[in-house]
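Asker: Sequence first, then the predicted structure:
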Amino acid sequence: MPRILHTRLHLCRYRLWPALLTLLTLLLGACGGNEPDQALGTLERDRIILRATASEIITEQPLQEGQPVRAGQLLVQLDTRNQQAVVARARAEASRAAARMTELRNGARKEDIAAASAQVSGARATLLDAEASYQRASKLVQQKLAAKATLDSALASRDAAEAALEAAREQLLRLTNGTRPEQLEQGAAELEAARAQLALEERHLDELSVTATRDAWLDSLPWNVGERVPAGATLAIMLANSSPFARVYVPEQHRARLQPGTALPVQVDGIDHPFTGRLRWIATEPAFTPYYALNASDRARLVYLAEFDLSDADTLPTGVPVQVLLDSGEAPQ
């Protein structure tokens with residue numbers, strides 16, 4: 001065998017050993033699984049996700065990731081120009097509805113009532129003139145000095161004058177009696193609807209300024225200033241600054257005896273002493289389903305997601321590996 005080929009084979013075997021050892025370790029870990037008396041996981045905190053309510057451009061991000069934030073502090077500012085125009089239109093509609101309501105309450109103006117009274121007087125004078133014309137035409141027809149058509153025309157003019165007088169009187173009565181209750185109710189409903197729409201649009205304007213909803217740590221800002229975000233996009237992610245909790249996977253053989261309130265020791269990597277964890281929630285469904293189709297050996301590999309609240313652990317960082325010791329718990333109180 002040539003020396004060069006022999007050397008290459010030797011080097012290949014030398015390079016393959018670490019990979020083979022790693023693969024063997026993974027296979028042994030897969031066969032052995034987690035320790036049966038431990039539930040493995042990580043230290044977590046409540047995540048608060050703030051999303052965009054409209055598709056707008058980011059104009060400002062005053063804070064950096066990793067900084068502590070207080071409730072109400074600005075995190076992301078979206079462009080407000082479009083919504084400001086919508087608010088201005090809604091405010092104008094509310095003002096118009098308010099003015100209309102004031103007009104309905106006040107009723108007719110004195111000038112309108114005076115004009116209607118003048119129309120009544122004019123219609124009455126017209127009727128008197130038409131009545132006199134009718135009487136003259138009637139006498140002329142009786143004396144056979146005028147045609148029957150003249151009397152018919154005079155009669156029609158008198159009837160029209162009577163109708164005009166009645167219409168003028170009704171118009172004056174409508175103005176003097178004031179606004180009907182039904183019209184007042186309609187005006188009030190229109191004003192309320194306009195004000196509600198204005199409040200809604202102002203709310204949408206406020207939502208373009210994304211602020212912290214509670215005291216927390218600013219974990220992530222997925223978008224940059226100048227980018228247009230779609231509606232519903234995640235703008236900021238915060239981590240609550242309250243006590244963390246251990247999110248672990250409980251082996252199937254320990255599920256039956258764990259109930260909310262159970263206290264167990266929790267070991268955090270890098271910390272010598274254990275913490276006390278109290279189970280606040282555990283899943284009812286296993287991580288691998290369907291469990292009813294598994295035999296006894298397969299069911300032993302099932303795990304249930306659970307969360308344990310930790311006491312006196314406010315300063316611990318998020319994401320650190322933890323182990324819950326399942327064989328040394330106390331019953332819930």
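Answerer: Nice, thanks for sending it over.

Asker: got a list of what the spatially most central residue of the chain touches?
Answerer: The centroid of the chain falls nearest to Thr53 when counting by Cα atoms, centre = their mean (7.1 Å). Residues in contact with Thr53 (Cβ atoms under 8 Å, 6 or more residues apart in numbering) are His204, Glu207, Leu208, Ala231. In this view, the C-beta of every residue, glycine as well, is placed from N, C-alpha and C.

Asker: Among those, name the buried ones.
Answerer: By neighbour count, with 16 or more other Cβ atoms under 10 Å, the contacts of Thr53 hold His204, Leu208 as buried.

Asker: Check what pLDDT Gly29 gets.
Answerer: Looking at Gly29, its pLDDT is 41.

Asker: And for Gly107?
Answerer: pLDDT, Gly107: 69.

Asker: what do you get for the one 10 residues further on?
Answerer: At Ser117, the pLDDT value in this model is 79.

Asker: Kindly report the domain assignment for the chain.
Answerer: 33-45+242-325, 48-80+207-240, 86-202 (automatic domain parsing).

Asker: Touching, Asp314 and Ser243? I think so.
Answerer: Yes - using Cβ atoms under 8 Å, Asp314 makes contact with Ser243 at a distance of 5.4 Å.

Asker: Please say which of the two ends up with more neighbours.
Answerer: The residue with more neighbours, out of Asp314 and Ser243, is Ser243; 16 against 10, by other Cβ atoms under 10 Å.

Asker: how much space between the more buried one and Asp269?
Answerer: With distances taken as Cβ to Cβ, to the nearest Å, Ser243 is found 18 Å from Asp269.

Asker: Could you do Ala116 as well?
Answerer: In this structure, Ala116 and Asp269 are 91 Å apart, going by Cβ to Cβ.

Asker: more neighbours, the two?
Answerer: Neighbours were counted for Ala116 and for Asp269 using other Cβ under 10 Å; Ala116 has more, 19 against 10.

Asker: just checking, that one touches Gln171?
Answerer: Yes - contact criterion Cβ under 8 Å: Ala116 and Gln171 qualify, at 5.1 Å.

Asker: one step back: distance to Asn224 added to the contacts of Thr53, as TSV?
Answerer: Below are the contacts of Thr53 laid out as TSV (distance: Cβ to Cβ, whole Å):
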residue	distance to Asn224
His204	23
Glu207	20
Leu208	17
Ala231	18
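
Asker: Which elements pack onto whichever strand or helix holds Ala156?
Answerer: Element membership for Ala156, per DSSP states H and E: helix 148-177. The contact analysis (3 or more Cβ pairs under 8 Å, 6 or more residues apart in numbering; DSSP states H and E) places helix 148-177 against helix 110-142.

Asker: Taking helix 148-177 as reference, get the angle to the helix it packs on.
Answerer: Angle, helix 110-142 to helix 148-177, by axes from the mean of the first three to the mean of the last three Cα atoms, to 10 degrees: 160 degrees.

Asker: Helix 110-142 - contacts with which helices or strands?
Answerer: helix 148-177.

Asker: Show me what counts as buried in the next helix or strand after the helix it packs on.
Answerer: Next along the chain after helix 148-177, taking DSSP H and E as the criterion, comes helix 181-207. For helix 181-207, a neighbour-count test (16+ other Cβ under 10 Å) marks Gly187, Glu190, Leu191, Ala194, Arg195, Gln197, Leu198, Glu201, His204, Leu205 as buried.

Asker: Touching, the first one and Met101? I think so.
Answerer: Just to be clear, that refers to Gly187. Yes - between Gly187 and Met101 there is a contact at 4.4 Å, judged by Cβ under 8 Å.

Asker: Sweet, I'm off.
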